[in-house]
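S.K.: no FASTA, just this:
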């Protein structure tokens, strides 16, 4: 009964977010892919046309990293304001407060999943094709991506209530992380001695893993296990921070 | 008679300087900051003990800023008391605000479902009650229109209609009976009286003495965060 309720709550709130997005904007679906596609275009121009990067199928390479990144960064940056912007709900209603960041993450996850066909289209353009491994590979990768993102979103959303400036730091922080994650460059470009360092970034195995699935139709077990490790760590820390602070949410709003 | 709500020596302290001045200030002046936070305290409620019996309608009244709403928030579980104990027996529906989570772009029907789950109902429960809720709101004609087209009176009616269909064991109401026109207000009050007749416990915060008299059995008078007295409603 309780479980049914929690499921319904997550479902209805997520549906609402998706519906609102499609109802109030004329271009609906296009917006969820426009941002990463635009970035892909810019990076293609800068790094392929001007800098002459030697990466095969560079467009595909870019979008297979940018689409998952879009999910992660959008959830975390809008997650930061999710409690501040819903003060009426926090002060006046009892429901599990963790569901506000959760719904944000589910909403962006939905937009990520529906953008996968775009990647398939690009595969066909390059005379490649998505493999059957997507059917088990994608769910496998959704798990660590979901929990890493949720953990961080919970943490920043909760802390932001007490230090409102955090919202601005989050944007800055995400920009730095974007450049420190092999999204528009390949991990092999990183000098050997920095390579362990770049794997300290939890998004590194995540992005390279997604890319390997989407471009080569294979699941990289090493990356997956590392990502799952990060996911456990980040989710538990995020949830711990949320648990510590949640009883004071209503007071500081 | 069993008790629905028991409060024992409940106090609530607000730290006035909680709204922060930023990370930099906080970190550079950490000791001073903590000292300041300790000092600037405001006792919103002090040492409140009271018992609400099952099936009783209990009123809480007092001047603005007396602590009525804080008390209701504590009973609702939105906040935790600083000291003291609160025990509650039964499913609580806190109606502290009407139409929580309403989104202007969604239709009346969609908002009923949204508001319903936020108030603690499952989708199945809401769908079963949907016709009843819509009928109660008297908004059949507009129910599939986005609610940004509604007037504020219509919004209040929609919110109230969802709220009164939760079938809670304990209902917490904060001043929200004053919605819509006189006729709709009467309908709401009747609904509350039906709740009471069916054995629900009601806690009602209000300034409106006639309304309290009509609905409540006993009334607590709060002043300056303290419980002044508990009277029978007719003695008011």
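M.R.: Nice, thanks for sending it over. Here the structure is a predicted model, which is why all the values come from computation and not from measurement.
S.K.: How confident was the prediction at the most centrally placed residue in chain B?
M.R.: Nearest to the geometric centre of chain B sits residue B:96, at 2.9 Å (Cα atoms, centre = their mean). You'll see residue B:96 listed with a pLDDT of 81.
S.K.: show me the residues around it that make contact.
M.R.: Counting by Cβ atoms under 8 Å, 6 or more residues apart in numbering or on different chains, residue B:96 touches A:91-93, B:69, B:72-73, B:76, B:78, B:172, B:174, B:176. Where you see a C-beta, it was placed from the backbone N, CA and C, and this is true even at glycine.
S.K.: and if you look at residue A:105?
M.R.: The contact partners of residue A:105, taken as Cβ under 8 Å, 6+ apart, are A:75, A:79, A:146, A:149-150, A:153.
S.K.: next one: residue A:63
M.R.: Applying Cβ under 8 Å, 6+ apart, the residues near residue A:63 are A:36-37, A:40, A:118-119, A:122.
S.K.: circling back to that earlier point, adding distance to residue B:59, secondary structure and neighbour count, write the contacts of residue B:96 out as a markdown table.
M.R.: Listed next are those as a markdown table, based on distance: Cβ to Cβ, whole Å; DSSP: H, G, I helix; E, B strand; the rest coil; neighbours: other Cβ atoms under 10 Å in any protein chain shown:
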| residue | distance to residue B:59 | secondary structure | neighbour count |
| --- | --- | --- | --- |
| A:91 | 22 | helix | 18 |
| A:92 | 20 | helix | 21 |
| A:93 | 22 | coil | 21 |
| B:69 | 14 | helix | 20 |
| B:72 | 11 | helix | 21 |
| B:73 | 17 | helix | 24 |
| B:76 | 16 | helix | 23 |
| B:78 | 20 | coil | 21 |
| B:172 | 12 | strand | 25 |
| B:174 | 12 | strand | 21 |
| B:176 | 14 | coil | 19 |
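S.K.: Write out the residues of chain A neighbouring chain B.
M.R.: Taking Cβ under 8 Å from any Cβ of the partner chain, the part of chain A that reaches chain B is made up of A:1, A:4-5, A:8-9, A:11-13, A:16, A:19-20, A:23-24, A:88-95, A:162-166, A:169, A:247, A:250-252.
S.K.: which of those are buried?
M.R.: If you count burial by 16 or more other Cβ atoms under 10 Å in any protein chain shown, the buried members of these come out as A:5, A:8-9, A:12-13, A:16, A:19-20, A:89-95, A:162-164, A:166, A:250-252.
S.K.: Counting neighbours, what do you get for residue B:6?
M.R.: Using other Cβ atoms under 10 Å in any protein chain shown, residue B:6 has 16 other residues around it.
S.K.: hmm, I was thinking of residue B:185
M.R.: Neighbours of residue B:185 (other Cβ under 10 Å): 15.
S.K.: give me the element it is part of.
M.R.: helix B:182-197 (DSSP states H and E).
S.K.: Just give me how far that helix sits from the chain centre.
M.R.: Offset of helix B:182-197 from its chain centre (Cα atoms, centre = their mean, to the nearest Å): 16 Å.
S.K.: where do the helices sit along chain A?
M.R.: A:2-24, A:29-43, A:58-79, A:87-92, A:99-125, A:133-162, A:166-180, A:195-198, A:203-216, A:221-245, A:249-252 (DSSP state H).
S.K.: could you give the angle of the fifth one to helix A:133-162?
M.R.: Yep, that's helix A:99-125 we're talking about. Using axes from the mean of the first three to the mean of the last three Cα atoms, to 10 degrees, one finds that helix A:99-125 and helix A:133-162 are set 140 degrees apart in direction.
S.K.: Repeat that for the first one.
M.R.: Interaxial angle, helix A:2-24 versus helix A:133-162 (the same axes, to 10 degrees): 90 degrees.
S.K.: Helix A:2-24 - contacts with which helices or strands?
M.R.: Packing partners of helix A:2-24 (3 or more Cβ pairs under 8 Å, 6 or more residues apart in numbering or on different chains; DSSP states H and E): helix A:29-43, helix A:99-125, helix B:108-118, helix B:123-137.
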